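1. I'll drop the sequence and a predicted model, then ask my questions.
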Amino acid sequence: MFSSLHVSRSARSAVSALLTALYLASCHSWQVGTPTPAQFVEREHPAQVRVTRTDSSTVTLQSPTVRGDSLVGLLAGTPGGDSARQAGVPLGDVASVASRQGSTGKTILLTTGIVVGVLAVLTILSALAIGEALSAGN
C-alpha cells in the first residue's frame, strides 16, 4: 500500500507545504505609533495605518500623509487610483495610529509548529512504510 515512492512523494509534498507556509507566514500585529500620530506618520512613512478616533471608531488608511491639520490617505481595500476613495481624519479627532509590525516571537512559534507537524507526518508515513515492508517480507 505504501511504497517507498509514495513516501518520497509525500515527503516532497510535505517539504513543499512547509516552504509555502514559511513563505506566507507573516505574523504581524498592530503597534501603536509614538510620540504623536502626526510625528509617527511623518517620521516612519508607514505603508498603512489603523487610525483610532477619539470616539473609538477605526479606519485603515494606505499611504497616509499629514496635510495641514489632517491625516489623509486611501481607504484600505479600494483601488489605488480612485481619488473619490481618499479619506481624511482631523488630527484633533485621532486618538492613535498603529502600523503593522512583524512579530518575531509569533513567527518563530508558527514556524516551529509547522516543522514539528511535518516531521510527525513524515515519521508516521515512514513507520507505515517500514511496517508494510516487514509484513510483505514474511
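-> Cool, got the structure.

2. Next, work out how far apart Leu125 and Ser13 are.
-> 10 Å (C-beta to C-beta, to the nearest Å). For glycine as for every other residue, the C-beta is placed from the backbone atoms N, C-alpha and C.

3. So which of these two has more stuff around it?
-> Leu125 (18 against 12; other C-beta atoms under 10 Å).

4. Double-check that that one belongs to a helix.
-> Yes - according to DSSP: H, G, I helix; E, B strand; the rest coil, Leu125 belongs to a helix.

5. any idea how far it is from Ser16?
-> Taking C-beta to C-beta as the measure, Leu125 falls 15 Å from Ser16.

6. which stretches of the protein aren't confidently modelled?
-> 1-12, 18-26, 77-84, 137-138 (pLDDT under 70).

7. Which residue ranges of it form strands?
-> Secondary structure of the chain, counting by DSSP state E: strands at 28-32, 48-53, 58-67, 70-75, 86-90, 94-102.

8. Understood, closing this out.
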